[in-house]
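[1] model this:
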Amino acid sequence: MTPDVTHLIRYYRSPLGRISRALVREQVLELAGNVAGQRVLGLGFATPYLRNTLGVAERVLAFMPARQGASSWPREGPSHTVLCDPLEMPLTDAAVDMVIAVHAFEHIADEEELMRELWRVVAPNGTLIIVVPRRRGIWAQLDTTPFGQGHPFSANQLEKLLRAHSFEPEIWRDALYVPPFQSSLVLRSTRFFERVGRLFGPAMSGVICVRARKQAFPAVPRRKRAARFVRMPGLSPQTARNYPRLGVFSAETGEFSDGKQG
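    The predicted structure follows:
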């Protein structure tokens with residue numbers, strides 16, 4: 001199920017949403033590094049993690065899926081958002097240097113086709129940063145947050161998907177060890193849960209973050225979509241047929257009568 005953009009905005013305005021945004025953004029910023037002069041594309045609902053790119057990158061775009069809906073971003077200045085089909089982005093080949101995909105892969109119907117499209121639009125030696133819910137994480141088990149909706153991934157699944165489409169994983173990060181509860185005790189103890197959770201390893205985290213580099217050799221060719229032809233029957237309008245009234249069948253005489261009383 002694809003979350004609605006209004007639900008995403010409402011979540012990121014909640015106390016738990018602000019905390020999860022801060023924790024995930026720390027990892028995204030570390031993976032992105034210096035974006036000065038780069039062309040950055042945010043895919044899915046990545047705008048909460050793109051603020052640092054404004055005024056630094058050469059250009060910043062935020063593509064949002066049509067099924068999700070789009071919202072104007074940023075609040076100041078012209079909007080950078082585009083409502084489009086992620087499998088057919090309105091970009092030329094090698095148009096961007098970095099893609100940051102958040103709330104994207106877990107809601108796409110065909111992640112392999114999305115990888116082919118990303119390989120097309122990312123420039124040679126470009127960077128792809130993906131944030132997805134961890135399959136066995138507690139955040140993926142509860143549907144009270146956007147990270148609990150859609151199709152979660154394991155690290156092994158994500159690595160196979162990247163390598164199969166000519167992206168080389170470079171750095172892996174984990175985030176959201178804090179439980180996904182809107183409890184004041186949990187919200188006040190965020191750093192405690194993050195420190196303790198990391199002692200038990202990545203299996204306790206809620207999301208997986210990975211940075212991959214586009215390889216020079218071509219990815220798997222895109223599937224050719226066959227054109228659909230819908231044959232419409234040629235029908236001419238006619239009035240309904242009126243059949244003669246048979247009347248009432250009499251078991252005694254074995255005949256039909258007009259039903260009128262004598």
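
[2] what secondary structure does the residue lying closest to residue 181 once chain neighbours are set aside sit in?
    Leaving aside its sequence neighbours, residue 181 sits nearest to residue 16 (C-beta to C-beta, 6 or more residues apart in numbering; 7.4 Å). Placement of C-beta: from N, CA and C, glycine included. Taken by DSSP: H, G, I helix; E, B strand; the rest coil, the conformation at residue 16 corresponds to helix.

[3] count of residues packed around residue 16?
    Counted by other C-beta atoms under 10 Å, the residues lying close to residue 16 total 20.

[4] okay, it: pLDDT?
    Note on residue 16: pLDDT of 93.

[5] what does residue 220 give?
    Reported pLDDT for residue 220: 57.

[6] Residue 187 too?
    At residue 187, pLDDT is 82.

[7] That one against residue 17, yeah?
    No. Using C-beta atoms under 8 Å, residue 187 is not in contact with residue 17, being 10.8 Å away.

[8] Pick out whichever of the two has more residues nearby.
    Legend: neighbour count by other C-beta under 10 Å for residue 187 and residue 17, higher for residue 17 (18 against 15).

[9] any low-confidence regions in this structure?
    1, 218-262 (pLDDT under 70).

[10] And the helices in it?
    Applying DSSP state H to the chain gives helices spanning 5-13, 15-32, 111-121, 138-141, 155-164, 184-188, 190-199.

[11] got those helices as a markdown table, with distance to residue 79 columns?
    Converted to a markdown table, the helices of the chain look like this (distance: least, C-beta to C-beta, whole Å):
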| stretch | distance to residue 79 |
| --- | --- |
| helix 5-13 | 13 |
| helix 15-32 | 20 |
| helix 111-121 | 20 |
| helix 138-141 | 30 |
| helix 155-164 | 31 |
| helix 184-188 | 32 |
| helix 190-199 | 32 |
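
[12] right, so of these, which gets closest to residue 131?
    Proximity to residue 131 (C-beta to C-beta) singles out helix 15-32 among these, at 6.2 Å.

[13] Give the other helices and strands that the closest one contacts.
    helix 5-13, strand 96-102, strand 122-133, strand 167-175, helix 184-188, helix 190-199, strand 207-214 (3 or more C-beta pairs under 8 Å, 6 or more residues apart in numbering; DSSP states H and E).

[14] Mind putting those into JSON lines with distance to residue 86?
    Formatted as JSON lines, the helices and strands packed on helix 15-32 follow (distance: least, C-beta to C-beta, whole Å):
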{"stretch": "helix 5-13", "distance to residue 86": "14"}
{"stretch": "strand 96-102", "distance to residue 86": "9"}
{"stretch": "strand 122-133", "distance to residue 86": "13"}
{"stretch": "strand 167-175", "distance to residue 86": "16"}
{"stretch": "helix 184-188", "distance to residue 86": "33"}
{"stretch": "helix 190-199", "distance to residue 86": "31"}
{"stretch": "strand 207-214", "distance to residue 86": "17"}
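
[15] Quick one: closest of those to residue 49.
    strand 96-102 (5.8 Å).

[16] Run through who's touching that closest one.
    The contact list for strand 96-102 (C-beta atoms under 8 Å, 6 or more residues apart in numbering) reads 24, 28, 32, 35, 38-46, 48-50, 61, 118, 121-123, 126-131.

[17] Quick one: neighbours of residue 156, just the number.
    When neighbours are counted by other C-beta under 10 Å, residue 156 registers 9.

[18] residue nearest the centroid of the chain?
    For the chain, the residue sitting closest to the mean C-alpha position, by C-alpha atoms, centre = their mean, is residue 104 at 2.6 Å.
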